[in-house]
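In: Okay, structure incoming, though there's no sequence with it:
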């Protein structure tokens, strides 16, 4: 009986060990990027002439916390993008944020957005906080469009608003 | 008739539960970034740990699911699935208590319709019951196969 239960425990442990080995080796590139805090890897020189392809597909949207977003916001180093629908945007958004609803972006890259925001620019995407995935989905789309440094602000509008940082209402950024 | 049901029910439960976990694991392996986002939404672990969880957990699901479907060491597979579901239940309950309106991240990652934590919690209770049933009957099932 004791032998059977210790064998069962060994089997259970083995499942976790094998899963860890497979998972770590399968996702080693992704994990290294996440560990180093790289949002994306710049494509090698030979690939820079090409349209965003394999290099862009490997990119990972990097999450940012409130303080990091505030630092970039104050330094005006990044374009803040609101992934929510227009109604939510009009009700209240991070002051200066550009509206790019996920629903609209899913249909294709709006030419006006691509004309105004160069691909070298750092982007921070947010939506309704930890409960929504639109910011992550939009960040992945932006990477596919060729943007190289895309961050996801997971706390989103509720956290920003709660912290008392600048907000704005209406259609204007 | 009842005897036949009794004989084959453990096999059916094992294959269904195993299949569900293989399916859930493969979907997550296909999109680890989205799954990391779903893990992060629970706000239980620091962000790098979300990626680490997203990298390893789906493989645990696939391997334990495969053990159940193949019938090789099914008890170990069922124990792992019961443990996983216990962890999921704690995570979902904490999300409900903290008022997080999040997608459980159990199957399809990102987009689509959200599965509420309440539905996911109910589903996990069913899975845990199925896993415990397999743990209890896996010996009997082997005897049943021998008899057949």
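Out: Right, received. Where do you want to start? What you are looking at is a predicted structure, and each value in this text was computed from that prediction instead of being measured.
In: near chain B, which residues of chain A?
Out: A:8, A:11-12, A:14-16, A:18-20, A:22-24, A:26-27, A:30-31, A:34-35, A:60-61, A:63, A:130-131, A:133, A:136-137, A:140, A:152, A:154 (CB under 8 Å from any CB of the partner chain). All C-beta spots, glycine's among them, are computed from the backbone N, C-alpha and C.
In: Of those, select the buried ones using a PyMOL command.
Out: Buried members of those, defined by 16 or more other CB atoms under 10 Å in any protein chain shown, are picked up in PyMOL with:
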select buried, chain A and resi 8+11+12+15+16+19+20+22+23+26+27+30+31+34+60+61+63+130+131+133+136+137+140+152+154
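In: Give me the subset of the residues of chain A next to chain B lying in helices.
Out: A:8, A:11-12, A:14-16, A:18-20, A:22-24, A:26, A:30-31, A:34-35, A:136-137, A:140 (DSSP state H).
In: quick one: contacts for the spatially closest residue to residue B:115 that is not a sequence neighbour?
Out: Closest residue to residue B:115 apart from its sequence neighbours, by CB to CB, 6 or more residues apart in numbering or on different chains: residue B:104 at 4.8 Å. Residues in contact with residue B:104 (CB atoms under 8 Å, 6 or more residues apart in numbering or on different chains) are B:38, B:88, B:92, B:115, B:116, B:117, B:119, B:120.
In: Likewise for residue A:122?
Out: Counted by CB under 8 Å, 6+ apart, residue A:122 has contacts A:72, A:77, A:78, A:79, A:149, A:151.
In: roughly how far apart are it and chain B?
Out: The gap separating residue A:122 from chain B is 18 Å, by CB to the nearest CB, to the nearest Å.
In: Distance-wise, check that residue relative to residue A:113.
Out: As judged by CB to CB, to the nearest Å, residue A:122 and residue A:113 stand 15 Å apart.
In: can you count the residues close to residue 98?
Out: If you meant another chain, say so; for now it's chain A. 16 (other CB atoms under 10 Å in any protein chain shown).
In: if you could check chain B rather than the one you did, that'd help
Out: The number of residues packed near residue B:98 is 12, by other CB under 10 Å.
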